[in-house]
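1. below: sequence and its predicted model.
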Amino acid sequence: MHLLSASCVCALLITAALLHRVSGSEIVGLYGETLEIPCNNGAIKADDVLLTKWKYDGGDLLVKNKDQNVSITATDEYKGRVSLAANSSLLLSAAKLTDQRTFTCMMVSSSDIKEYPVSVEINKMPSSLEISDKAEELEIGKRTKLGTCVAQDANPAAEITWLKNNERLVADEKGISIQASVQVDPVTGLSTTSSVLEYSAKKEDTNAKFTCISQHKGLTSSPVSFNITYSTENIVLQVIAQEPLVEGDNVTLKCEADGNPAPTSFMFHLKGEVMKVENSDTYTITNVSRDNSGEYKCSLIDDPTMEATKEVSVKYLDINLSPSGTIVKKAGETLDLTLQIDASEDSKVSWTKDNVKLDKEPKFTKVIFSESGRYECEVTMGLLSRKASFELVVEGAPVISKLIKQRGEDGKHKVLICEAEGSPKPAVSWSINGTSLDESPFVNGKITHKITVVPTANLTVSCTVSNEFGTDSKAINVSSLFEDVRVDKQDTLEDGDQTKLVVGVVVGLLVATVVIGLAYFVYMKKSKQGSWKTGEKESGSSEEEKKLEEKVEENSQKAEV
């Protein structure tokens with residue numbers, strides 16, 4: 001008996017001496033799922049393990065001796081929930097909140113005994129995240145309960161955040177109030193969090209998206225929007241019409257107002273007349289005239305003081321050109337032109353004659369043939385324009401304005417040109433027969449006629465033009481082609497003789513200059529010799545030298561000419 005007690009005491013002393021408790025670790029499991037609790041994490045090789053045992057503060061759970069099957073020793077709720085994994089981890093099925101405790105793994109080897117405590121935490125996401133008790137509408141400036149966000153059955157208790165358009169809302173106790181509360185289920189121990197948002201809406205919150213989120217893996221509720229109601233603060237009247245708005249067009253008046261709900265019926269004030277339009281924001285005036293110009297208004301039916309105004313301007317441009325159509329005048333007569341303009345704004349006037357722009361308005365004090373043509377005036381006012389035109393025909397007896405002669409390019413014929421003005425178109429005739437080159441188009445009462453002739457003698461040629469109002473004739477002297485040739489030759493000979501004469505004069509002057517120079521040289525030589533012999537002064541010789549020098553210069557100038 002004493003020997004047995006002594007051996008047990010000795011075994012306990014040896015076990016206590018060998019036992020080492022390793023510092024604990026923590027793991028997090030998910031509610032309702034199988035939880036794997038690790039043992040030693042490979043610190044002891046599996047072949048060295050003689051015994052493995054799992055326990056908790058309420059008793060043993062299971063034990064496994066080397067080369068033997070696992071023995072479940074638990075007798076409480078864990079009896080049917082625990083098992084051992086191949087790596088000696090404890091498998092705990094259907095994890096629940098009561099499993100949040102410390103489980104210890106003990107491993108016995110031939111040389112050591114170690115314990116590995118593991119602290120277990122069980123988390124659970126909320127089963128749902130929803131916004132309930134939602135407000136039907138929000139009124140601007142009034143703090144109203146927007147809704148309650150509920151996160152049910154979570155562990156730990158959910159922390160709820162409110163978002164507006166994905167931006168976090170922070171309670172300020174003025175326009176935003178957030179109150180949270182937590183309830184714990186006495187059976188499951190799970191927590192349900194409720195968060196109430198009170199919010200003072202603004203106009204820009206129309207169509208805003210409100211959501212709430214939980215910290216559990218970013219769990220987010222479905223977004224909700226609220227109808228923001230507010231009274232009309234602004235009203236605008238639009239004029240919808242073509243630009244520019246001219247007589248005969250249609251114009252639509254459109255009244256727009258803010259507010260929620262926005263007004264759908266309006267009063268339109270049409271220059272003293274009031275039209276009530278229900279379930280529409282537009283009113284159309286058809287076939288407008290200049291009398292429709294003026295100020296227009298629209299207002300709310302239930303609040304006439306809330307109104308908007310707009311000025312409507314109907315553009316108009318009327319012109320009257322007198323005379324018009326085709327105007328026939330005799331040359332020298334006067335044409336009075338009148339252009340009347342009736343316009344809603346300042347206008348600009350431009351004129352063209354036969355599609356060529358004129359610098360100024362045409363004036364017809366005494367009409368002439370060249371002023372015949374089509375005249376058009378264009379009056380513009382912004383994008384609006386009007387045109388009017390007339391055709392001026394100037395009639396009268398023809399008049400020859402030019403009769404000239406030209407030598408042909410080959411020098412073997414002459415070209416006679418006769419230009420005349422008159423209307424109707426005058427007929428052209430010549431006093432001699434010739435070859436007709438061409439006749440210009442009859443434009444603005446003007447015509448040009450050309451013929452070619454080969455005169456063998458000097459002669460006088462006349463051009464005659466005529467129409468129903470009269471006749472005009474002019475003559476021109478035309479010399480013979482042979483006479484022209486003789487004159488040209490004589491001019492050539494005279495030019496040659498004059499050239500020879502000039503050359504002869506120049507050569508003679510040069511020779512005379514040389515002779516005088518030599519004589520002067522000889523004279524000066526002899527004069528100097530006489531002076532040396534007698535010793536007389538050379539004052540007389542100096543005067544003679546000056547005279548000779550002047551003669552030489554004079555002859556030199558003549559030679560240069």
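-> Great, that's in hand.

2. and the helix or strand residue 404 falls within, what other elements does it pack with?
-> Using DSSP states H and E, residue 404 sits within strand 384-407. With contacts taken as 3 or more CB pairs under 8 Å, 6 or more residues apart in numbering; DSSP states H and E, strand 384-407 sits against strand 317-322, strand 325-330, strand 373-381, strand 414-423, strand 459-467, strand 470-478. Every residue, glycine included, has its C-beta placed from N, CA and C.

3. buried deepest among these, which one?
-> Most buried of the helices and strands packed on strand 384-407, by mean neighbour count (mean count of other CB atoms under 10 Å): strand 414-423, with a mean of 22.

4. only the C-alpha atoms, please, for the next helix or strand along the chain from it, written as PDB.
-> Moving toward the C-terminus from strand 414-423, the next helix or strand (DSSP H and E) is strand 427-430. In PDB, the C-alpha atoms belonging to strand 427-430 read as follows (Å, rounded to 0.1, in the frame of the first residue of the first chain):
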ATOM      1  CA  ALA A 427     -27.700  98.800-137.400                       C
ATOM      2  CA  VAL A 428     -24.100  99.400-138.500                       C
ATOM      3  CA  SER A 429     -23.000 100.000-142.100                       C
ATOM      4  CA  TRP A 430     -19.700 101.100-143.800                       C
END
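
5. from the chain's centroid, how far away is strand 427-430?
-> In terms of CA atoms, centre = their mean, to the nearest Å, the centre of strand 427-430 is set 67 Å apart from its chain centre.

6. flag every buried residue along that strand.
-> By 16 or more other CB atoms under 10 Å, the buried positions in strand 427-430 come out as 428, 430.

7. then stretch 243-252?
-> Neighbour counts over stretch 243-252 (16+ other CB under 10 Å) mark 244, 245, 246, 247, 249, 251 as buried.

8. could you do stretch 33-44 as well?
-> Under 16+ other CB under 10 Å, the buried positions of stretch 33-44 are 35, 37, 38, 39, 40, 44.

9. ok, back up a step: go through the buried residues of stretch 243-252 and say which is closest to residue 273.
-> Using CB to CB, the shortest approach to residue 273 within the buried residues of stretch 243-252 belongs to residue 251, at 15.1 Å.

10. now for the closest residue to residue 364 other than its chain neighbours: which residues touch it?
-> Once flanking residues are discounted, residue 364 sits nearest to residue 335: 3.6 Å by CB to CB, 6 or more residues apart in numbering. Contact analysis of residue 335 by CB atoms under 8 Å, 6 or more residues apart in numbering lists 323, 327, 329, 364, 367, 392.

11. redo that, cut-off 10 Å
-> Neighbouring residues of residue 335 by CB atoms under 10 Å, 6 or more residues apart in numbering: 323, 327, 329, 362-367, 371, 390, 392, 394.

12. now do it, the pLDDT please.
-> Residue 335 is assigned a pLDDT of 95 by the prediction.

13. from residue 223, how far out is residue 327?
-> 81 Å (CB to CB, to the nearest Å).

14. with residue 320 instead?
-> Distance of residue 320 to residue 223, computed by CB to CB: 69 Å.

15. the residue most central in space within the chain: what secondary structure?
-> With distances taken as CA atoms, centre = their mean, the residue of the chain nearest its centroid is residue 243 (21.9 Å). At residue 243 the chain is in coil, as set by DSSP: H, G, I helix; E, B strand; the rest coil.

16. what is the neighbour count of the nearest residue to it once chain neighbours are set aside?
-> Nearest residue to residue 243, sequence neighbours excluded (CB to CB, 6+ apart): residue 383, at 7.1 Å. By the criterion of other CB atoms under 10 Å, residue 383 has 10 neighbours.

17. correct me if wrong: residue 383 contacts residue 345.
-> No. Contact criterion CB atoms under 10 Å: residue 383 and residue 345 do not qualify, at 11.2 Å.

18. which residues do those two both contact?
-> Residues touching both residue 383 and residue 345 (CB under 10 Å, 6+ apart): 244, 315.

19. right, and residue 206 touches residue 165 too?
-> No. Between residue 206 and residue 165 there is no contact under CB under 10 Å: 11.7 Å.

20. surely residue 343 and residue 244 touch.
-> No. Contact criterion CB under 10 Å: residue 343 and residue 244 do not qualify, at 11.7 Å.

21. shared neighbours of these two, anything?
-> In terms of CB under 10 Å, 6+ apart, residue 343 and residue 244 are both contacted by the residues 315, 316, 317, 381, 382, 384.

22. residues touching the fifth one, list them.
-> Residue 382 makes contacts with 243, 244, 315, 317, 343, 344, 345, 346, 347, 348, as judged by CB under 10 Å, 6+ apart.

23. how many residues are close by residue 27?
-> Residue 27 has 13 neighbouring residues, counting by other CB under 10 Å.

24. repeat that for residue 50.
-> Neighbourhood size, residue 50 [other CB under 10 Å]: 12.

25. cool, and residue 77?
-> The tally of other residues near residue 77 (other CB under 10 Å) stands at 12.

26. now it, nearest residue through space, not along the chain?
-> That would be residue 98: by CB to CB, 6+ apart, it lies 7.8 Å from residue 77.

27. helix, strand or coil for that neighbour?
-> Assignment for residue 98 (three-state DSSP): helix.

28. just the pLDDT for it.
-> 92.

29. over to residue 327?
-> 95.

30. which residues does it form a beta bridge with?
-> Beta-bridge partners recorded for residue 327 (DSSP bridges): residue 392.

31. wait, it sits on residue 393?
-> Yes. Residue 327 is in contact with residue 393 according to CB under 10 Å; the separation is 6.9 Å.

32. tell me the strands beside the helix or strand where residue 284 lies, with direction?
-> Assigned by DSSP H and E, residue 284 belongs to strand 282-285. Here strand 282-285 is paired, per DSSP bridges, with strand 251-257 (antiparallel).

33. residue 425 reaches residue 444, doesn't it?
-> No. Look at residue 425 against residue 444 with CB under 10 Å: they stay out of range, at 11.3 Å.

34. count of residues packed around residue 444?
-> 17.

35. so between residue 206 and residue 165, which is more surrounded?
-> Set residue 206 next to residue 165 and count neighbours by other CB under 10 Å: residue 206 wins out with 17 against 11.

36. contacts only, for that one.
-> Applying CB under 10 Å, 6+ apart to residue 206 gives the contacts 138, 140, 225, 226, 227, 228, 229, 230, 258, 260.

37. how many residues are close by the fourth one?
-> Neighbouring residues of residue 226 were enumerated by other CB under 10 Å; the total is 21.

38. may I have the residues that are in contact with it?
-> Residue 226 makes contact with 134-138, 144, 146-147, 199, 201, 205-210, according to CB under 10 Å, 6+ apart.

39. now the residues you listed: which count as buried?
-> Buried by 16+ other CB under 10 Å: 135, 138, 146, 147, 199, 201, 205, 206, 208, 210, out of the contacts of residue 226.

40. tell me which of the residues you listed is nearest to residue 77?
-> Using CB to CB, residue 147 comes nearest to residue 77 of the buried ones among the contacts of residue 226, at 40.3 Å.

41. tell me which residues in stretch 399-409 are buried?
-> By neighbour count on 16+ other CB under 10 Å, the buried set for stretch 399-409 is 399, 400, 401, 403.

42. low-confidence stretches in this protein?
-> Along the chain, the model assigns pLDDT under 70 to residues 1-23, 42-43, 217-219, 482-507, 511, 514-515, 519-561.

43. do that again at 50, thanks
-> Within the chain, the stretches with pLDDT under 50 are 1-17, 485-497, 499, 502, 527-549, 551-561.

44. gap between the closest residue in space to residue 297 that isn't next to it in sequence and residue 312?
-> With CB to CB, 6+ apart as the criterion, residue 297 has its nearest non-adjacent residue at 3.8 Å, and that residue is residue 269. Noted for residue 269: a distance of 12 Å to residue 312, by CB to CB.

45. overlap of the contact sets of these two?
-> Taking CB under 10 Å, 6+ apart as the criterion, residue 269 and residue 312 both touch 237, 253, 295, 296.
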